[in-house]
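Colleague: Got a sequence here, can you build the structure:
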Amino acid sequence: MEKGPEIRIVGGASNEKKEQVKEEIRQAFFNHFESLSPLEQEQLKKFEYPKSEQEITLINFANEETSRLMQEAGIEPYNVPIENYHIIPSELYKKVAGDNGTAATFITKQGIIFDAQHFRDNLVNFGAAVFHESLHLKAYFSLEVQERDGQVNKTLLNFLIVQNWRKKKNGLNLMKQRR
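Modeller: Below you'll find the model as predicted:
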């Protein structure tokens, strides 16, 4: 299998449940569209804009540069498949991501969405957002998985790495998000 995100699972869930969650995230990375819910798939089929050649070029550039930074930091680089980037209408974006921001990364679904209203006519902004969101998707992360009353609860522990590239020392900013 190709290289993808390194996934660390912690918490009190059984090893079987932890491995199941890890496999779900791997599947989301390598088979992103198929891992989405039927409603999400239907909405993307119906509303997602096709990527232009310039947008694809910017996504490829962001993948190359983030991989280069990963390699400099001693992390095995990998590319995020182009199919994991979605440019969608503003109405759908707000429905999925709320009123905050114009682009969002969904770590557990291994996808990035962009509000088309802010990026379709501004390739400089799109390129900057693709780079920024790609860094989020490629950053180290850990999931806490707990089992309670037969239910599996997942808490994303998203570490944003502030890298001192020359000295190879990491500073970590821990954000705990519920997903």
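Colleague: Let's see the distance spanning stretch 118-128 from one end to the other.
Modeller: One end of stretch 118-128 sits 12 Å from the other (C-alpha to C-alpha, to the nearest Å).
Colleague: And the contacts of it?
Modeller: 49, 54, 55, 58, 61, 62, 87, 102, 103, 114, 129 (C-beta atoms under 8 Å, 6 or more residues apart in numbering). For every residue, glycine as well, the C-beta is placed using N, CA and C.
Colleague: just checking, the fourth one touches residue 129?
Modeller: Read it as residue 58. No - counting by C-beta atoms under 8 Å, residue 129 is not a contact partner of residue 58; they are 9.3 Å apart.
Colleague: Quickly find the element holding the most centrally placed residue in the chain.
Modeller: Centroid-nearest residue in the chain, with C-alpha atoms, centre = their mean: residue 137, separated by 3.5 Å. Per DSSP states H and E, residue 137 falls inside helix 123-138.
Colleague: Check which residues of that helix are buried.
Modeller: 126, 127, 129, 130, 131, 133, 134, 135, 136, 137, 138 (16 or more other C-beta atoms under 10 Å).
Colleague: likewise stretch 55-72?
Modeller: The neighbour-count check on stretch 55-72 (16+ other C-beta under 10 Å) flags 55, 58, 59, 62, 63, 66, 67, 69, 70 as buried.
Colleague: for the third one, what are its contacts?
Modeller: Looking back up the chat, that one is residue 59. 51, 82, 85, 130, 134.
Colleague: Angles on the backbone of the third one, please.
Modeller: Backbone geometry at residue 85, expressed as degrees, to the nearest 10, gives phi -100, psi 130.
Colleague: count of residues packed around it?
Modeller: By the criterion of other C-beta atoms under 10 Å, residue 85 has 25 neighbours.
Colleague: Please renumber the chain so that the first residue is 18 from this point on.
Modeller: Understood, numbering begins at 18; the last thing we discussed is residue 102.
Colleague: Please tell me how far it sits from residue 123.
Modeller: 12 Å (C-beta to C-beta, to the nearest Å).
Colleague: Next: the first one.
Modeller: With distances taken as C-beta to C-beta, residue 68 is found 18 Å from residue 123.
Colleague: Over to the last one?
Modeller: With distances taken as C-beta to C-beta, residue 151 is found 13 Å from residue 123.
Colleague: any shared contact partners between these two?
Modeller: Counting by C-beta under 8 Å, 6+ apart, the common neighbours of residue 151 and residue 123 are residue 129.
Colleague: Make a markdown table out of the buried residues of helix 140-155 and add pLDDT and distance to residue 52.
Modeller: Compiled in a markdown table, the buried residues of helix 140-155 are given as follows (pLDDT from 0 to 100; distance: C-beta to C-beta, whole Å):
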| residue | pLDDT | distance to residue 52 |
| --- | --- | --- |
| 143 | 97 | 25 |
| 144 | 97 | 27 |
| 146 | 96 | 23 |
| 147 | 97 | 21 |
| 148 | 96 | 24 |
| 150 | 93 | 18 |
| 151 | 94 | 19 |
| 152 | 90 | 22 |
| 153 | 86 | 18 |
| 154 | 85 | 14 |
| 155 | 86 | 18 |
